[in-house]
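Student: 3D, please:
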Amino acid sequence: MPKLPLVAIIGKPNTGKSTLFNRLIGERKAIVSEIAGTTRDHIAHRIEGTNVDYLLVDTGGMGGGTTDKDFEDDVDAQSELAVKNADVIIFLVNGKEEMTVADERVIDALRKKRKRHVPVVIAISKVDNPKKSDELIMEYEALGLADHVIPISAPHNMGIDELEETIEKELTALHFGKQPQEEEDDAPRIAIVGRPNVGKSSIVNAFMSETQRSKSPLIVSDIPGTTRDSTDTDITFHGKKFILTDTAGLKKNRKTDIEIERFAELRTIQSLEQADIVVLVIDAAAGVSRQDKRIAGLAVESGAGLIFLLNKIDLLSSEERVKLNKEIVYHFPFCRFATMIPCSAETREGLLHIFPAIEEVSENRVRRIPTAKLMSWYQKATGNAPVRRIGKANYITQAEIKPPTFVVFVSDPKKVSVSDLRFLDNRIRESFPFEGTPIRWVTKGKHDVRKEKDEEGSHNRF
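Tutor: Now for the predicted structure:
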């Protein structure tokens, strides 16, 4: 599959990067706070544009100015990594402030760190006065850093359309385009992810043919972090092709990072966004870690199918296996839909179960329920349930697949709670096979029902 281009939002702390990120992706994903430096890690989201798809990355603030000095150098280095590897850079500045030393440090990094062919778009936030806006455009154009200087207001959706058009224009000029849908449909892309040294490369090697292993085996080592980049391997099982991507292990808040490890982490996030299914490899002997939960969260947010592969299961007794299953259920309440497979790359125990699981999850991700059938299910599911806010819904339909997305029309969407939607999620999984795939729920006001029914023909295909 062609590379998914990277678009990075950078700037000093507290310029509104996370607010802009949330506006561009159309949902509240990044943490928005008045405290400078809230965003410490890359937060990524795949954008499917009109003419080109890309991975949008929100970064921590560069140039200093946070209240947390312990992580400031680490965040700076992560942001510089994004600058070095981005295909388009959005440099966000605060239009209500004079240019600061922190801004100048970011500008210096852009001049020295980015690749010369990479375009920079300067976005000026928080500008309400048109006269002031014109002055700022001239001031930032004079830097000679960017061909585009765009005043924006993310909270009020001002200038966002122009910014999106500019991003796509620049990516198109760099010969990026839409990701080929037919390739994704023919061979599912499976990202093998997990902490360093849990056995990801060993698992992919176990699936390879003798010819593949003799020509290009993946490096296996007891040293964590041996895999630095994402590596694709084509696997054929019972006549069907699968593309397995072995990724570097994700770490967090490391005090002794080196740049190549940071790059590997960024490539892992890119692989997650391009994957149809994520196989999270967990070291059964070591148990669940915070990073396992972080990786699972990224997979769910991306909309990919999810399979837990509990490697090194041969090292556990029967009692320890039961304890591990309980630990998985306890630590992953947000993805109990995931398929769980105990296995051992060393003894090959359970490994062949992964391919039937991948096929099942692939089918469930594209499952579409006809509206009439959904309405009948909904009435039965909510008939005697304590869900007053959604029990009298006017209409329900399936809007999307990959992942399955359902729209419920209610009197007041703002009053629908997370527990209401969790109730629906649990009930629909009892009635229809959605194992291994996340489900997204959208609530709309009842006045939107007519518009949705007009589009129902496009939603009711199997």
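Student: Lys446 against Asn394, yeah?
Tutor: Yes: contact criterion CB atoms under 8 Å: Lys446 and Asn394 qualify, at 4.5 Å. Quick note: C-beta positions are derived from backbone N, CA and C, even for glycine.
Student: so where's the stretch 301-450 of the chain shaky on pLDDT?
Tutor: Scanning the stretch 301-450 of the chain for pLDDT under 70 picks out the ranges 384-393, 447-450.
Student: what ranges does it have for its strands?
Tutor: Secondary structure of the stretch 301-450 of the chain (DSSP state E, counting those that start in this stretch): strands located at 305-311, 339-342, 395-400, 405-410, 440-445.
Student: deepest-packed of these, please.
Tutor: Ranked by mean neighbour count, the strands of the stretch 301-450 of the chain are led by strand 305-311 with a mean of 26 (mean count of other CB atoms under 10 Å).
Student: mind giving me the packing neighbours of that strand?
Tutor: Identification of packing neighbours for strand 305-311 by 3 or more CB pairs under 8 Å, 6 or more residues apart in numbering; DSSP states H and E yields helix 200-207, strand 277-283, helix 290-302, helix 318-331, strand 339-342, helix 354-365.
Student: quick one, phi psi at Ala146?
Tutor: When read as degrees, to the nearest 10, the backbone of Ala146 gives phi -140, psi 150.
Student: list the buried residues for stretch 232-243?
Tutor: Thr233, Ile235, Phe242, Ile243 (16 or more other CB atoms under 10 Å).
Student: which one in those residues is the model shakiest on?
Tutor: Note: of those, the lowest pLDDT belongs to Thr233, at 77.
Student: mind checking the SS state of that one?
Tutor: Following DSSP: H, G, I helix; E, B strand; the rest coil, we place Thr233 in the strand state.
Student: so who does Thr339 touch?
Tutor: The neighbours of Thr339, taking CB atoms under 8 Å, 6 or more residues apart in numbering as the test, are Leu306, Ile307, Phe308, Ala357, Glu360, Val361, Glu435, Gly436.
Student: out of the helices and strands packed on strand 305-311, which is closest to Ile90?
Tutor: Of all those, helix 290-302 sits nearest to Ile90, with 20.7 Å by CB to CB.
Student: that closest one vs strand 440-445, what angle?
Tutor: Calculated by axes from the mean of the first three to the mean of the last three CA atoms, to 10 degrees, helix 290-302 forms an angle of 50 degrees with strand 440-445.
Student: packing partners of helix 290-302?
Tutor: On a contact count with 3+ CB pairs under 8 Å, 6+ apart, helix 290-302 meets strand 43-48, strand 189-194, helix 259-274, strand 277-283, strand 305-311.
Student: give me the mean pLDDT for the third one.
Tutor: In other words, helix 259-274. The average of the pLDDT scores along helix 259-274 is 62.
Student: now Thr59, nearest residue through space, not along the chain?
Tutor: Among residues not flanking Thr59 along the chain, Ser79 sits closest, at 4.3 Å (CB to CB, 6 or more residues apart in numbering).
Student: so that neighbour sits against Val57, correct?
Tutor: No: in this structure Ser79 lies outside contact range of Val57 using CB under 8 Å: 9.7 Å.
Student: hey, C-alpha coordinates of stretch 419-430 in PDB?
Tutor: Extracted in PDB, the C-alpha atoms of stretch 419-430 (Å, rounded to 0.1, in the frame of the first residue of the first chain):
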ATOM      1  CA  SER A 419     -24.200   4.300  30.000                       C
ATOM      2  CA  ASP A 420     -27.200   4.500  27.600                       C
ATOM      3  CA  LEU A 421     -25.000   3.900  24.600                       C
ATOM      4  CA  ARG A 422     -23.000   1.200  26.400                       C
ATOM      5  CA  PHE A 423     -26.400  -0.600  27.100                       C
ATOM      6  CA  LEU A 424     -27.200  -0.500  23.300                       C
ATOM      7  CA  ASP A 425     -23.700  -1.700  22.500                       C
ATOM      8  CA  ASN A 426     -24.000  -4.700  24.800                       C
ATOM      9  CA  ARG A 427     -27.500  -5.600  23.500                       C
ATOM     10  CA  ILE A 428     -26.700  -5.400  19.800                       C
ATOM     11  CA  ARG A 429     -23.700  -7.700  20.300                       C
ATOM     12  CA  GLU A 430     -26.000 -10.200  21.800                       C
END
